[in-house]
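Participant: Provided below for reference: sequence and predicted model.
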Amino acid sequence: MKKIIISTLIFSLCLNCLYAGNWPAWRGTDAKGSTDSGNYPTELNLKKNLLWKASLPDKGCSTPIVWKGSIFLTCPINGEDGVLSFSITGEKNWQTKIGPQRKGKHLNGSGSNPSLITDGQNLYALFKSGNLACLNRDGEILWQKDLSSYGKDTLYWDFGTSPILSSNYLIVALMRKGNSWLLAFDPSSGEVAWKKERNYQTPPECDHSYATPTLIKHKGKEAILVWGAERLSAHSAEDGEMHWVSTGFNPKQKKNWVVVGSQVVTGDIAIVPYGRGTHLTGIRMGGEGDVTKTHRLWTRSDTGCFVPSPAVSDGKVYILRDRGEVHCIDPKTGKSEWEDAFPRASSSYYGSPMIAGTKLYAPREDGVILIADISNGFKYLGKYDMGERVIASPVPVNDHILIRGEQNLLYFGG
């Protein structure tokens, strides 16, 4: 009897350890792109610490999610939008086709750019085609919608906004010229709970946004933070009504200041990258109506990030610039704690950085992952070639690192 109790306890501890590695959405549990605890690899060497490699059916660029020992990701399957599941040991669990895909047109894009999100029970998938679907964790489709009915996709490049979940709804942002929407769906049925238009007059392309909304609190209640069309706005998660808005991001009305990288939140401050990687601002969230003049804390025009989104760790904001510069910034003042850089190369950074423990992982478009220790400033640890292009962000899983390339999933140990 004693042996059975001990064995059961050990099994339970192993399960708890396994489930602690959940990464339920594009930027993790709290949308910060980081996990504070753990001892993660200092190298991602194909010959030394690659534990397994699993082939994918086609090119997709979404970051995988992980839940209770299973990996889930979107990917084209024989010309259709698809969702795949793998075990944490690399075996394919299942694959499900959703509907005809709409292919990507950018070298670093695909029709499967948005990441899945899970509430622990079901999976929610969104694609460039407009396909929106809910699946259970066994891959069965529970409901499906076609969002193309909300208007033409006028984005110059490939749709990349991931869905998010509030306590009651699945939230999707469609931000493009003339037909921008914030949509809330009942996650159990797919029925529209509410919808709000979000259309504004801007210079060309400035009303296009590839950013993912963030779930925040406003006066103790859930709200949706949306960045695009030269506006950062907070909306009630219950009915979509706008609480507050901050503007003034393009005073000279420049063309093509499109939003690609998403905002990030730490405490009551939103950090917003804009101006194609040339500007960064900190905005104190809250208030009512137009808070442009009262809530902007600081603005910098000497730093920023265009495609990669910032990450937050230990109360600091980390930005990875398109050419490999890394800046650690105090969100309250906007001042740099330090500034450094990865070695220069001809390729740019498209995937967003991920921080695991004390290490920052930066995916470069040519498939090289660069690593730095940021426990005390910036200490460059090395670069590792995956052998294929990498646009998705790295994912931390219980002291392991999951990399999604264009052709394969790769899983590295310590």
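Facilitator: Now that the structure is in, tell me what you want to look at.
Participant: Show me where the protein has its helices.
Facilitator: Taking DSSP state H, the helices of the chain run over residues 2-19, 292-295.
Participant: where among those helices is the average confidence lowest?
Facilitator: In terms of mean pLDDT, the lowest-scoring of the helices of the chain is helix 2-19 (a mean of 39).
Participant: quick one: low-confidence parts of the stretch 301-414 of the chain?
Facilitator: Residue ranges of the stretch 301-414 of the chain with pLDDT under 70: none are present.
Participant: Repeat the analysis, applying 90 as the threshold.
Facilitator: Scanning the stretch 301-414 of the chain for pLDDT under 90 picks out 414.
Participant: gap between the closest residue to residue 166 other than its chain neighbours and residue 163?
Facilitator: Spatial nearest neighbour of residue 166, excluding adjacent residues (C-beta to C-beta, 6 or more residues apart in numbering): residue 237 at 4.1 Å. (C-beta placed from N, C-alpha, C; glycine too.) Per C-beta to C-beta, to the nearest Å, residue 237 is found 13 Å from residue 163.
Participant: Now do the shared contacts for the two.
Facilitator: residue 171 (C-beta atoms under 8 Å, 6 or more residues apart in numbering).
Participant: tell me the contacts of the nearest residue to residue 245 once chain neighbours are set aside?
Facilitator: Closest residue to residue 245 apart from its sequence neighbours, by C-beta to C-beta, 6+ apart: residue 233 at 4.2 Å. Shown in contact with residue 233 (C-beta under 8 Å, 6+ apart): 198, 225, 226, 242, 244, 245, 246.
Participant: Show me which of the residues you listed is closest to residue 314.
Facilitator: Distance to residue 314, by C-beta to C-beta, is smallest for residue 225 among those, at 21.6 Å.
Participant: What's the separation between that closest one and residue 327?
Facilitator: For residue 225 relative to residue 327 (C-beta to C-beta), the value is 22 Å.
Participant: go on, residue 136?
Facilitator: Going from residue 136 to residue 327 by C-beta to C-beta gives 42 Å.
Participant: between those two, who's got more neighbours?
Facilitator: The neighbour count for residue 136 versus residue 327, taken as other C-beta atoms under 10 Å, is higher for residue 327 (23 against 11).
Participant: in stretch 76-86, what counts as buried?
Facilitator: Using 16 or more other C-beta atoms under 10 Å as the test for burial, stretch 76-86 gives 76, 77, 80, 81, 82, 83, 84, 85, 86.
Participant: Please identify which pair of those residues lies farthest apart.
Facilitator: Across the buried residues of stretch 76-86, the longest distance by C-beta to C-beta is 18.7 Å; it joins 80 and 86.
Participant: Enumerate every residue touching residue 411.
Facilitator: 50, 51, 52, 53, 88, 90, 397, 400, 401, 402, 403.
Participant: I meant to write residue 40 there.
Facilitator: If you count contacts by C-beta under 8 Å, 6+ apart, then residue 40 has 356, 357, 359, 396, 399, 400, 401, 414 around it.
Participant: Return the distance of it relative to residue 314.
Facilitator: As judged by C-beta to C-beta, residue 40 and residue 314 stand 15 Å apart.
Participant: re earlier: same list (the contacts of residue 233) but as TSV, adding pLDDT, neighbour count and distance to residue 344.
Facilitator: Listed next are these as TSV, based on pLDDT from 0 to 100; neighbours: other C-beta atoms under 10 Å; distance: C-beta to C-beta, whole Å:
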residue	pLDDT	neighbour count	distance to residue 344
198	97	21	39
225	98	26	34
226	98	27	35
242	98	18	43
244	98	21	41
245	98	17	39
246	98	25	35
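Participant: No further questions, thank you.
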